[in-house]
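Participant: whatever this is, show me its structure:
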Amino acid sequence: MRTKIELRSNNIKLRKSMSETECQNKSESICAYIQSMPEYHNANCILLYHAINHEVDLKSLFHQALKDQKQIYYPKTTATDLLFYRITDINKMRPGYFGIMEPDGTTELLHQSNCNGKMLVIVPGVAFSEKGHRIGYGKGYYDRFLKDFDGISVGVGYHFQLESDFETSELDIPLHFFVSELGIVNVHPKE
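Facilitator: Numbers count the residues shown, from 1 in each chain. Next up is the predicted model:
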C-alpha cells in the first residue's frame, strides 16, 4: 500500500501533466454527473470550491446551481478552519490563503440551520479511496469542517485519483460519494 506522501506526490504530477482542455472536458463531465444526483436536486445549499493546480473546475456547476436557485457557498480559509460564505457572483472573489480565490468575508456566513438540513459539499482532493477517505494537501481543513457537517459530502477528482485503499488516521472523515469523469461511486463506509 502506498503512503499518503507517495500518493500525493504521484497524483499531483499526474494532474499537472493534463492539458487545460483535458481538465476542462473531464470537469464538465464531473459537473454533469453531480447535477444528475438526487442529493444535488434535494439540496438547498451547495458548498463549492475554487479549483487550483488542475483540480476539477466547478464553474459550470456554480452557474447551474444559480439557475436552480440553490444557495451557493465558497470557503474562506483562516489559519485553522474553513468558513463558507454565500456567493452569487463568482467574479467577486479575491485571492486569499495560499493564493486561492475565495469570498471576501462580507457576505452571508453559512449557518447549517439556514439549509434545513439539505446541504451538499463538493470536496477537492489529491487521492480518494473506495472506502470514502481522501488525501488533500495535508493541512486537514476539510476534515475539520466535515467533522461537524450535517449534509452529504461528495469528493471530486479524476478517475486516476481513485485508489482501492490507503493509510488513514482517526482524524480522516469519510465522504459519501466520489465523482469522476467516469461516473458516481457510493463510497460511504458500510456500518
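
Participant: what does the pLDDT read for the residue of the chain positioned farthest from its centre?
Facilitator: Within the chain, the residue lying farthest from the chain centre (CA atoms, centre = their mean) is residue 1, at 24.6 Å. Among the per-residue scores, residue 1 shows a pLDDT of 70.

Participant: now the closest residue to it other than its chain neighbours: how far from residue 55?
Facilitator: Excluding the flanking residues, the one nearest residue 1 by CB to CB, 6 or more residues apart in numbering is residue 166, at 6.1 Å. Bear in mind the C-beta positions are built from the backbone N, C-alpha and C, glycine included. Separation of residue 166 from residue 55 (CB to CB, to the nearest Å) stands at 19 Å.

Participant: residue 54 touches residue 14, doesn't it?
Facilitator: No - the pair residue 54 and residue 14 does not pass the contact test of CB atoms under 8 Å, sitting 9.1 Å apart.

Participant: between the two, which one's more packed in?
Facilitator: residue 54 (19 against 14; other CB atoms under 10 Å).

Participant: where does pLDDT dip in this protein?
Facilitator: 189-191 (pLDDT under 70).

Participant: how about the helices in it?
Facilitator: For the chain, the helices defined by DSSP state H occupy 4-16, 20-35, 38-42, 59-67, 141-147.

Participant: so for residue 178, which of those helices sits nearest?
Facilitator: Nearest to residue 178 among the helices of the chain is helix 20-35 (10.2 Å), distances taken as CB to CB.

Participant: hmm, who's touching the closest one?
Facilitator: 15, 18, 40, 51, 54, 56-58, 60-61, 64, 122, 154, 156, 158, 179-181, 183-184 (CB atoms under 8 Å, 6 or more residues apart in numbering).

Participant: report the buried members of those.
Facilitator: Burial by neighbour count, judged by 16 or more other CB atoms under 10 Å, picks out 15, 40, 51, 54, 56-58, 60-61, 64, 122, 154, 156, 158, 179-181, 184 from the contacts of helix 20-35.

Participant: what residues are up against residue 145?
Facilitator: Residues in contact with residue 145, defined by CB under 8 Å, 6+ apart, are 75, 81-82, 121.

Participant: before I go, just wanted to say thanks for your time.
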